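Asker: need a structure here:
(2 chains)
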Number of protein chains: 2
Amino acid sequence: MNSLTKLRNKNKEGKFVCVGLDTDFQKLPSHIQLLKNPVYEFNKQIINATITNAAAYKINFAFYEKDGPEGMEILKRTIELIPSDILIIGDAKRGDIGNTSEMYAKTIFEYYKCDASTLHPYMGGDSIKPFLRYDEKLNFILALTSNPGAADFEKLELKDGSPLFLKVIEKVNEWNVLSNCGIVFGATNINELKKSIPMFNNLPVLLPGVGAQGGSIEEVIRAFKEHNRYDLLINMSRGIIYKSNNIDFAEAASAELVKMNEIVKNIIDE
Amino acid sequence: MNSLTKLRNKNKEGKFVCVGLDTDFQKLPSHIQLLKNPVYEFNKQIINATITNAAAYKINFAFYEKDGPEGMEILKRTIELIPSDILIIGDAKRGDIGNTSEMYAKTIFEYYKCDASTLHPYMGGDSIKPFLRYDEKLNFILALTSNPGAADFEKLELKDGSPLFLKVIEKVNEWNVLSNCGIVFGATNINELKKSIPMFNNLPVLLPGVGAQGGSIEEVIRAFKEHNRYDLLINMSRGIIYKSNNIDFAEAASAELVKMNEIVKNIIDE
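Answerer: So this is what the prediction gives:
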């Protein structure tokens, strides 16, 4: 099943929330910290508890890379826990010249077998191209991110009056020949989101920034509903996986995800 | 010794060429391919042969990541081969929201013990900030890159008439409070380089794009000489490490590096 189909199947089932596995040893419940492979055991229990309600999983490479080769082994084993009908986003935010991006694409799609990547647009078309050769995959290219620093460059006004992030979206539409591109759009930028949806065309959208960062899931869903257009994933990491810091962490994560799905369902059914 | 001092010491010795370890198994001499740890053995011989003449080493993470945890083990062991007076650039081109960039900074500076990073500016100040807490390190932020895609966004004209890459350089100057910032400027953009040097101020400059990508080491050195301003590293990867594909590959790499250093010396002494 190709990656876009996986995403759409989940959206059809009313699942829009992507569970972000930003697993940090320091933040794990103390009973998990005592285990032999605490990060892996935590991920396993989170995945088991959320698998029937998650729209996708996003694995944040940074949290595994910081432990060197051992961390990457845990990342690999975590990915193997996720069934093949659920989209796995390798959130590594890569981007380099062609021959180097080719290696990064191999890493994310071939070695770790992710279904999707996240990419920096700054270096332009040829830095993205090696990822686009994988026609079954999805590539979420950063347009407008959820952090305060988005104001430094992403929102800068170009000579033609449009902000830089809209120029990125325009280019991503051009690159989407094989229907394997998407964009990242921070849910904290709700006004920009409302105005920009018509420019998204067929691009699926990954929306971080809900929860710990302050974005509202209700507002995001309402904005897309207004255009009767979905193909979207709302990412929640800390808000789900660290909902409880106790023995019940996995049930608490599951309950939070169910609650989010109900909020979404109620808005769509309104 | 802090990272900027390492760079300056080498520049004072007339060394400006950074050796890029973009080591690809497919491109190794056949007698090396037969060894147990071919990438490591190749790097070891290249480092041994170039150590007295290299200004720095740049290790391209992508080429190691593609082999998973084993590749990262080789990356780590390669870094351990380089003596502590030579700058090691962890060329990973990272950039994410604060809590994630913090993990990437830990990866590059604490786990792999690199002296310097390369970073994407797109997500703005708070995506760079966790790297800037390491006051002994250097962070080369992408300004204008050496690839054709640089025209897609980096060279776009902003409302105030300046290209995006100059706005990035302006911001990097602001971020340089602890003298631990630098920029990446592609040697393929020689006209832009000549015009931009006065805006670099105290920022050290990493210049890729010489050799395989078409940039000229002579033109780069002349441009900086005109402003009597160095603090620079000209990166060469394929042009040095794959100079010969035979048994003499290490000597050929060394000879090429010596030749480059002489070209530079002749221009500076003119």
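Asker: Going by C-alpha atoms from here, please, whenever you check contacts or count neighbours.
Answerer: OK.
Asker: Give me the neighbour count for A:Lys10.
Answerer: Neighbourhood size, A:Lys10 [other C-alpha atoms under 10 Å in any protein chain shown]: 22.
Asker: That one touches A:Val17, doesn't it?
Answerer: No: in this structure, A:Lys10 is not within contact of A:Val17 by C-alpha atoms under 8 Å, at 9.4 Å.
Asker: any idea how far A:Asn201 is from B:Lys27?
Answerer: Separation of A:Asn201 from B:Lys27 (C-alpha to C-alpha, to the nearest Å) stands at 42 Å.
Asker: Distance check, A:Ala92 against chain B.
Answerer: The gap separating A:Ala92 from chain B is 8 Å, by C-alpha to the nearest C-alpha, to the nearest Å.
Asker: got it, and A:Lys106?
Answerer: 6 Å.
Asker: now that residue, nearest residue through space, not along the chain?
Answerer: Once flanking residues are discounted, A:Lys106 sits nearest to B:Lys66: 5.9 Å by C-alpha to C-alpha, 6 or more residues apart in numbering or on different chains.
Asker: try A:Gly149
Answerer: B:Gly124 (4.1 Å).
Asker: A:Leu4 now?
Answerer: Using C-alpha to C-alpha, 6+ apart, the nearest residue to A:Leu4 is A:Leu138, at 6.7 Å.
Asker: A:Asn180 now?
Answerer: A:Leu138 (4.5 Å).
Asker: pretty sure that neighbour is touching A:Val184, no?
Answerer: No: using C-alpha under 8 Å, A:Leu138 is not in contact with A:Val184, being 11.8 Å away.
Asker: so A:Leu142, which of the three states?
Answerer: Under the three-state scheme (DSSP: H, G, I helix; E, B strand; the rest coil), A:Leu142 adopts strand.
Asker: how close does it sit to A:Leu119?
Answerer: In terms of C-alpha to C-alpha, A:Leu142 sits 6 Å off from A:Leu119.
Asker: How about A:Ala56?
Answerer: Distance from A:Ala56 to A:Leu119, by C-alpha to C-alpha: 18 Å.
Asker: A:Glu170 now?
Answerer: A:Glu170 is 16 Å from A:Leu119, by C-alpha to C-alpha.
Asker: more crowded one of those two?
Answerer: A:Leu119 (25 against 15).
Asker: tell me the contacts of that one?
Answerer: By C-alpha atoms under 8 Å, 6 or more residues apart in numbering or on different chains, the contact set of A:Leu119 is A:Ala92, A:Lys93, A:Arg94, A:Gly95, A:Ile128, A:Asn139, A:Phe140, A:Ile141, A:Leu142.
Asker: The longest helix belonging to chain A: how far from the chain's middle?
Answerer: Secondary structure of chain A per DSSP state H: the longest helix is helix A:249-269. Computed by C-alpha atoms, centre = their mean, to the nearest Å, the chain-centroid distance of helix A:249-269 equals 17 Å.
Asker: same for it, what does it pack against?
Answerer: Judged by 3 or more C-alpha pairs under 8 Å, 6 or more residues apart in numbering or on different chains; DSSP states H and E, helix A:249-269 is in contact with strand A:17-21, helix A:38-50, helix A:217-226, helix A:238-241.
Asker: Compare those and give me the one nearest B:Ile86.
Answerer: Smallest distance to B:Ile86 across the helices and strands packed on helix A:249-269 (C-alpha to C-alpha): 35.3 Å, for helix A:38-50.
Asker: what does that closest one contact?
Answerer: Contacts for helix A:38-50 (C-alpha under 8 Å, 6+ apart): A:21, A:23-25, A:28, A:32, A:35, A:74, A:77-78, A:81-82, A:241, A:249-251, A:253-254, A:257.
Asker: After it, which helix or strand is next?
Answerer: strand A:56-60 (DSSP states H and E).
Asker: Mind giving me the packing neighbours of the helix or strand that that following strand is followed by?
Answerer: As assigned by DSSP H and E, the chain's next helix or strand after strand A:56-60 is helix A:62-65. The contact analysis (3+ C-alpha pairs under 8 Å, 6+ apart) places helix A:62-65 against helix A:68-79, helix B:98-105.
Asker: Residues of the stretch 101-250 of chain A that sit close to chain B?
Answerer: A:101, A:103-104, A:106-108, A:111-112, A:120-127, A:145-154, A:156-161, A:164, A:168 (C-alpha under 8 Å from any C-alpha of the partner chain).
Asker: Check the spacing between the residue at the greatest distance from the centre of chain A and B:Ile169 real quick.
Answerer: In chain A, A:Lys159 marks the outermost C-alpha relative to the chain mean, sitting 31.1 Å out by C-alpha atoms, centre = their mean. Relative to B:Ile169, A:Lys159 is positioned 19 Å away (criterion: C-alpha to C-alpha).
Asker: Helices of the stretch 101-250 of chain A, residue ranges please.
Answerer: A:125-132, A:164-175, A:190-200, A:217-226, A:238-241, A:249-269 (DSSP state H, counting those that start in this stretch).
Asker: what angle separates the third one from helix A:164-175?
Answerer: With axes from the mean of the first three to the mean of the last three C-alpha atoms, to 10 degrees applied, the angle from helix A:190-200 to helix A:164-175 works out at 20 degrees.
Asker: ok, and what's touching helix A:190-200?
Answerer: Residues contacting helix A:190-200 (C-alpha under 8 Å, 6+ apart): A:Leu166, A:Ile169, A:Glu170, A:Asn173, A:Phe185, A:Ala187, A:Gly215, A:Glu219, A:Val220, A:Ala223, A:Phe224, A:His227.
Asker: Among the residues you listed, which one is most surrounded by other residues?
Answerer: Counting by other C-alpha under 10 Å, top hit in these: A:Ala187 with 28 neighbours.
Asker: Return the residues in contact with that residue.
Answerer: So A:Ala187 contacts A:Ser146, A:Leu193, A:Leu207, A:Pro208, A:Gly209, A:Val210, A:Gly215, A:Ser216, A:Ile217, A:Val220 (C-alpha under 8 Å, 6+ apart).
Asker: For those, please prepare CSV with the additional fields pLDDT.
Answerer: Putting the contacts of A:Ala187 into CSV (pLDDT from 0 to 100) gives the following:
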residue, pLDDT
A:Ser146, 95
A:Leu193, 98
A:Leu207, 98
A:Pro208, 96
A:Gly209, 92
A:Val210, 92
A:Gly215, 90
A:Ser216, 93
A:Ile217, 96
A:Val220, 97
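Asker: Would you list the phi and psi of A:Leu203?
Answerer: Per-residue torsions, A:Leu203: phi -80, psi 120 (degrees, to the nearest 10).
Asker: Would you confirm that it contacts A:Glu174?
Answerer: No: in terms of C-alpha under 8 Å, A:Leu203 does not count as a neighbour of A:Glu174; the distance is 10.7 Å.
Asker: Those two: which is more packed in?
Answerer: Between A:Leu203 and A:Glu174, A:Leu203 has the larger neighbour count (other C-alpha under 10 Å), namely 25 against 11.
Asker: Quick check: that one vs A:Arg229, distance?
Answerer: Taken as C-alpha to C-alpha, the span from A:Leu203 to A:Arg229 is 10 Å.
Asker: cool, and A:Asp126?
Answerer: Applying C-alpha to C-alpha to A:Asp126 and A:Arg229 gives a distance of 30 Å.
Asker: So those two - more neighbours on which side?
Answerer: Taking other C-alpha under 10 Å, A:Asp126 and A:Arg229 do not tie; A:Asp126 has more neighbours (21 against 16).
Asker: how near is the residue nearest to A:Asn180 to chain B?
Answerer: For A:Leu138, the distance to chain B - C-alpha to the nearest C-alpha - is 18 Å.
Asker: before we move on, what about A:Ala253?
Answerer: A:Ala253 is 20 Å from chain B, by C-alpha to the nearest C-alpha.
Asker: now A:Leu193
Answerer: Going from A:Leu193 to chain B by C-alpha to the nearest C-alpha gives 17 Å.
Asker: Over to A:Asn139?
Answerer: 16 Å.
Asker: got a list of what that residue touches?
Answerer: A:Asn139 touches A:Ala116, A:Ser117, A:Thr118, A:Leu119, A:Phe131, A:Leu132, A:Asn180, A:Cys181, A:Gly182, A:Ile183, counting by C-alpha under 8 Å, 6+ apart.
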